[in-house]
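Engineer: Fold the following.
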Amino acid sequence: MGRKAGGAAILDNRFIGYGDGISLLEGAVATVRGNLVLYSSRGKGMFVRYNAQATVEENTFMYNRTALEFWEEPVAMLRHNCIAGNTEIGAATVFEGPGIQVDARENWWGHASGPEHPSNPGGRGDRATGQLQVADHLVMDNCFLDLATDLIGPGGGSASTSSGNTSLAVPAGALSSDTRIALRPMGLSSLATMPAPLANGAGLRLFQVAGSRASDGAPVSELGAEAELTVAYSEAERLGIDEDTLAIYRLDTGQQAASGTAAGDTRVSVTGALDGASWTLLTGELDPDGNVLTAHTSSLGTFVVIGEREEVHICLPLVATRVW
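Structural biologist: Numbering: from 1, shown residues only. The predicted model follows:
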């Protein structure tokens, strides 16, 4: 059974293998953000019915039979979600009433051409049916499959991905109240829509660190003291990158204008090049023997581990030719 909500914030959860992952029924008003919804093979990844109202943003819906289904007269806004690899339908409206409003613009549908929908000829992504607005689809993959969520209070604490290769240690006093910290690794292909931190750079890892106040779900983007990011990497990941140049950068400014989000919102909308955005090099340390990189930040948001490409020298054998 999924999560049924009325006036709720459903944030940074994993719904894997449920019949219906998330269900919003009559009268529900909810924000659904940062969730990982996979393998709802018998039902829907998310089901919104009657006159429910939903803001659905930055979730990953993959490998479900139907990712999202809207019945009758709900009002829903979908932004910056990954809706990809679902076996039958990515999103659909059913038994539409006159008051139905489903704004599904600016989402990733599994292909750069956008969803398969009558309003989007030539779309090769997940299928969308019914009264959906699907314009301005994202052109780059923003899906995440490794999600870590930890509750950290004023006394400090840490959050780590399930693989353990990315973590954030928050000191005491950095947060004024209990806060959910979510780490979401992203596909490096998304770097193509961002300014280049290094002219000759090669990305090793791209990830988001998001915070939300536990009491009401309000976004938390700034800390009262510097936290420590730790990234562990393998030699296989580092292949082709000069290890001595590895560093962690944070994406700053500019994404608000590109995505239309409120000032101070550090989330990224991959709708095109992020004009005006820039990367800040974070101070930290590299331990090449342990394959560990650390850095310090007082702001949450999007981070990249990147270094300069290694020069490749090809030595060809010298062949002597004797001339008679």
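Engineer: who touches the closest residue to residue 131 other than its chain neighbours in this structure?
Structural biologist: Using CB to CB, 6 or more residues apart in numbering and skipping the chain neighbours, the partner closest in space to residue 131 is residue 93 (4.8 Å). C-betas here are computed from N, CA, C, even on glycine. Residues near residue 93 by CB atoms under 8 Å, 6 or more residues apart in numbering: 69, 70, 71, 100, 102, 129, 130, 131, 132.
Engineer: So how do I select the buried members of those residues in ChimeraX?
Structural biologist: Those of those that count as buried under 16 or more other CB atoms under 10 Å are selected in ChimeraX with:
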select :69,70,71,100,102,129,130,132
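Engineer: now the contacts of residue 93 as TSV including pLDDT and distance to residue 49?
Structural biologist: Listed next are these as TSV, based on pLDDT from 0 to 100; distance: CB to CB, whole Å:
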residue	pLDDT	distance to residue 49
69	95	9
70	94	8
71	92	4
100	85	11
102	93	12
129	95	17
130	93	14
131	91	15
132	93	16
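Engineer: Which ones among the contacts of residue 93 map onto strands?
Structural biologist: Among these, the ones falling in strands (DSSP state E) are 69, 70, 71, 102, 129.
Engineer: of the residues you listed, closest to residue 233?
Structural biologist: Using CB to CB, residue 69 comes nearest to residue 233 of the ones in strands among the contacts of residue 93, at 39.8 Å.
Engineer: beta partners of the closest one?
Structural biologist: Note on residue 69: beta-bridge partners by DSSP bridges are residue 47, residue 92.
Engineer: got it, and the one 10 residues further on?
Structural biologist: Partner residues in beta bridges with residue 79, using DSSP bridges, are residue 57.
Engineer: and it, what is it in contact with?
Structural biologist: 55, 56, 57, 58, 105, 106, 107, 269.
Engineer: Output the below-cut-off pLDDT ranges for the stretch 201-324 of the chain.
Structural biologist: Across the stretch 201-324 of the chain, the ranges flagged by pLDDT under 70 are 253-277, 312-324.
Engineer: So which residues of it form helices?
Structural biologist: For the stretch 201-324 of the chain, helices defined by DSSP state H, counting those that start in this stretch occupy the ranges 235-238, 255-259.
Engineer: what's the span of stretch 22-35 from first residue to last?
Structural biologist: 10 Å (CA to CA, to the nearest Å).
Engineer: Show residues contacting it.
Structural biologist: Contacts for stretch 22-35 (CB under 8 Å, 6+ apart): 2-15, 21, 37, 45-60, 74, 147, 149, 182, 184, 210, 212, 217.
Engineer: cool, and stretch 117-134?
Structural biologist: Residues outside stretch 117-134 that contact it (CB under 8 Å, 6+ apart) are 67, 70, 83-86, 88-94, 96, 100, 102-105, 107-111, 113-116, 135, 137.
Engineer: For those, which PyMOL command selects only the ones that are buried?
Structural biologist: Here is the PyMOL command that selects the buried residues among the contacts of stretch 117-134 (16+ other CB under 10 Å):
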select buried, resi 67+70+83+84+85+86+89+90+91+92+93+100+102+103+104+105+107+108+109+110+111+114+115+116+137
